[in-house]
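Student: what follows is a predicted protein model with its sequence.
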Amino acid sequence: MVIIIFLLFLFLSATPVYAVCPACTIAVGAGIGLSRYLGIDDMVTGLWIGGLIVSLSFWMAISWRKNKWLIAGLMFLITMAPLYYIDIIGHPLNTLWGVDKLLLGSFAGSGLFLLSIKADKVLRKYNQGKVFVPYQKVILPVTLLFLGSLVFYLLTK
């Protein structure tokens, strides 16, 4: 009963979040699940994990009114520490350029996701604050992460 009351309280006290659209975050999360299910290289999976971490961090930063970079750093630690602890990160045979593939992919994915946010802002600036195409805020990060996935797939093939 306490859990139900707590969840009801959370639901009723929710505030709107405007950082990164929910559809984009869901698309990134689906990409992670799909890549692991299909047995795709950790480099590519890491790319999507990094994108998801940035997206969720920006959501939390807006709703909690805290520093988005601090939250992103904490999210990376919360995500990567358990993966290191259970030997998913740090395996000597799972590296590219001497860096763990999952970790390298996560940083690359974070960078691509941040680039997509910047690209959206630039495109809106040149179009009087309006999007060029519907769902532009979804299309940009998913496209950049997909292209990054393709590049890393070819690098690790």
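Tutor: Ah, there it is.
Student: can you pull out the helices in this protein?
Tutor: 2-12, 22-37, 42-64, 68-85, 101-125, 136-156 (DSSP state H).
Student: point out the most buried one among those helices.
Tutor: Highest mean neighbour count of the helices of the chain: helix 42-64, a mean of 24 (counted as mean count of other C-beta atoms under 10 Å). In short, each C-beta sits where N, CA and C put it, glycine included.
Student: name the helices or strands packed onto that one?
Tutor: The contact analysis (3 or more C-beta pairs under 8 Å, 6 or more residues apart in numbering; DSSP states H and E) places helix 42-64 against helix 22-37, helix 68-85, helix 101-125, helix 136-156.
Student: send the alpha carbons of it over as PDB?
Tutor: In PDB, the C-alpha atoms belonging to helix 42-64 read as follows (Å, rounded to 0.1, in the frame of the first residue of the first chain):
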ATOM      1  CA  ASP A  42      29.600  -3.500 -28.100                       C
ATOM      2  CA  MET A  43      31.000  -0.500 -29.900                       C
ATOM      3  CA  VAL A  44      27.600   0.100 -31.600                       C
ATOM      4  CA  THR A  45      25.600  -0.800 -28.500                       C
ATOM      5  CA  GLY A  46      27.700   1.700 -26.500                       C
ATOM      6  CA  LEU A  47      26.900   4.400 -29.000                       C
ATOM      7  CA  TRP A  48      23.200   4.000 -28.200                       C
ATOM      8  CA  ILE A  49      23.900   3.800 -24.500                       C
ATOM      9  CA  GLY A  50      25.700   7.100 -24.600                       C
ATOM     10  CA  GLY A  51      22.900   8.700 -26.400                       C
ATOM     11  CA  LEU A  52      20.400   7.400 -23.900                       C
ATOM     12  CA  ILE A  53      22.500   8.600 -21.000                       C
ATOM     13  CA  VAL A  54      22.600  12.200 -22.300                       C
ATOM     14  CA  SER A  55      18.900  12.200 -23.100                       C
ATOM     15  CA  LEU A  56      17.900  11.000 -19.700                       C
ATOM     16  CA  SER A  57      20.400  13.300 -18.000                       C
ATOM     17  CA  PHE A  58      19.000  16.300 -19.700                       C
ATOM     18  CA  TRP A  59      15.500  15.300 -18.700                       C
ATOM     19  CA  MET A  60      16.500  14.900 -15.100                       C
ATOM     20  CA  ALA A  61      18.400  18.200 -15.000                       C
ATOM     21  CA  ILE A  62      15.400  20.100 -16.100                       C
ATOM     22  CA  SER A  63      12.900  18.400 -13.800                       C
ATOM     23  CA  TRP A  64      15.300  18.500 -10.800                       C
END
